[in-house]
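# After the sequence you'll find the predicted model.
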Amino acid sequence: MLAANQQALGQIWPFLEAGELVLLDWLPWNHTFGGNHNFNLVFRHAGTLYIDGGKPMPSLIGETVRNLREVSPTIYFNVPAGYGALLPHLENDEALAKNFFARLQLIFYAAAALPQDLWDRLEATALRTTGRRVPMTSAWGATETAPLATAAHFSIDRPGVIGVPVPGIELKLVPSAGKLEVRVRGPHVTPGYWKNPELTAAAFDADGFYQIGDAVRFADPDDPARGLLFDGRIAEDFKLITGIWVHTGALRVGALAAASPVLQDCVVAGEGRACAGLLAWLNAAGCQRLTGAPSPRSLPDLARDPSVVEHVRRAFAEWNAEKVGSSLRIGRVLLLEDAPSIDAGEITDKGYINQRLVLAHRAAAVERLFAKKSDPDVIVIDGG
């Protein structure tokens, strides 16, 4: 599985053979992205790996910034939360940006869809710093696929494109609840779960395709070669009380872009409710840009700042005005006064928010969000 992954990467990224590979990477080796993908990539191409002690969290992003002053990577791997935390520093520190982009050949994001706002700001910062665009790309897979299954190894101009199957991989697209469920088969895929034949049997369909639980759609229905778009997790979607499906993946990405730059991440709630709502975490650096505050402020303070609250209210009122149908509209928002908890499993090792677990862990916040008598901290949009 691991050898097949690296062979596929070598075929789709031939530029790796032509120059030096330098990574600065915080992604943990116990996770398939940081370990199987990135760590093995350095071995395969005799590169250099600098271990970053930072993480995309307010208390640790400073360590990443310090390291990037010393190391100029040739490829930079991160998750959307990581780019969201790093971008304000790149935008406001010319010397840091020059060192970051000096040798950069590729910007890679994975684990979740990158909001369009972050894509645009990364591109603008690269252009302003170097006069050139640095290609941005993504891929898709899972621990069970070692992890690479698809990749956008061609020019793309927007986030969300996960590309086409890499060499040796087959995909099957199956209609499911109004979406296309994607299944995968190939030498990259695990033969099963250790000493668990029942789980193994349930994970594969009759044709031997691994049932990963994700959905996709075509970037261009008339041209499959332009790749697939990630369309969320089948298990995370839910129905409103009206029976209408809410597709959380697309709604989350759209919401983060609409409220830029103040939101770091969010989860979509509303199963069995009259409207969809958000539990949202603030981006302290983005809020500081909005408010013009001279010094950092606490998250509870920012969550109650009138200018932040009004920005969120206005952003989603404008979002709703452009949308048709309750499944696309956001009725309520609760700004959380803390950060996602790694210890509670709310954020995974790769920085991805676990939607289902957050909603279960923060059930009391969900009740506050949808209470008949509105909580003073809940931002009600369009009578939601």
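It's in.
# the helices in the stretch 51-200 of the chain, which residues?
61-70, 80-92, 94-101, 116-130, 197-203 (DSSP state H, counting those that start in this stretch).
# cool, and the stretch 251-384 of the chain?
284-291, 299-303, 306-321, 355-361, 363-370.
# so can I have TSV of these showing distance to residue 267, mean neighbour count and mean pLDDT?
All C-beta atoms are positioned from the backbone trio N, CA, C, and that covers glycine. Formatted as TSV, the helices of the stretch 251-384 of the chain follow (distance: least, CB to CB, whole Å; neighbours: other CB atoms under 10 Å; pLDDT from 0 to 100):
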stretch	distance to residue 267	mean neighbour count	mean pLDDT
helix 284-291	18	20	85
helix 299-303	16	18	91
helix 306-321	15	16	96
helix 355-361	5	18	91
helix 363-370	9	16	96
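# Mind putting those helices into TSV with distance to residue 258?
Listed next are these as TSV, based on distance: least, CB to CB, whole Å:
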stretch	distance to residue 258
helix 284-291	13
helix 299-303	18
helix 306-321	4
helix 355-361	18
helix 363-370	18
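# Can you check which of those helices gets nearest to residue 12?
Residue 12 sits nearest to helix 355-361 of all the helices of the stretch 251-384 of the chain, at 30.1 Å, using CB to CB.
# before we move on, back to that, buried deepest among the helices of the stretch 51-200 of the chain, which one?
Mean neighbours per residue, mean count of other CB atoms under 10 Å, is largest over the helices of the stretch 51-200 of the chain for helix 80-92, with a mean of 22.
# Taking their axis directions, that helix and helix 94-101 sit at what angle?
Interaxial angle, helix 80-92 versus helix 94-101 (axes from the mean of the first three to the mean of the last three CA atoms, to 10 degrees): 130 degrees.
# pLDDT of helix 80-92, averaged?
Averaging pLDDT along helix 80-92 yields 89.
# what does stretch 16-29 give?
Mean predicted confidence for stretch 16-29 is 92.
# how about that stretch: buried residues?
For stretch 16-29, burial by neighbour count (16 or more other CB atoms under 10 Å) applies to 16, 21-27.
# out of those, who's nearest residue 375?
residue 26 (36.1 Å).
# Backbone torsions only: list them for that closest one.
With angles defined as degrees, to the nearest 10, residue 26 sits at phi -100, psi -10.
# export the helices of the stretch 51-200 of the chain to a markdown table and tack on distance to residue 162?
Shown next, in a markdown table, are the helices of the stretch 51-200 of the chain (distance: least, CB to CB, whole Å):
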| stretch | distance to residue 162 |
| --- | --- |
| helix 61-70 | 25 |
| helix 80-92 | 14 |
| helix 94-101 | 25 |
| helix 116-130 | 14 |
| helix 197-203 | 21 |
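# Let me know which of the ones you listed is the nearest to residue 317.
Counting by CB to CB, residue 317 lies closest to helix 116-130 out of the helices of the stretch 51-200 of the chain; the figure is 17.9 Å.
# partner residues bridging residue 170?
residue 185 (DSSP bridges).
# Quick one, which of the helices of the stretch 251-384 of the chain gets closest to residue 232.
Between those, helix 355-361 lies closest to residue 232; by CB to CB that is 9.4 Å.
# What residues does the closest residue to residue 299 other than its chain neighbours make contact with?
Among residues not flanking residue 299 along the chain, residue 337 sits closest, at 5.2 Å (CB to CB, 6 or more residues apart in numbering). Shown in contact with residue 337 (CB atoms under 8 Å, 6 or more residues apart in numbering): 299-300, 303.
# Okay, residue 337 and residue 46: tell me how far apart.
Distance of residue 337 to residue 46, given as CB to CB, to the nearest Å: 47 Å.
# next one: residue 150
Taking CB to CB, one finds residue 150 at 26 Å from residue 46.
# Likewise for residue 27?
Residue 27 sits at a distance of 20 Å from residue 46 (criterion: CB to CB).
# can you check residue 151 too?
Residue 151 is 22 Å from residue 46, by CB to CB.
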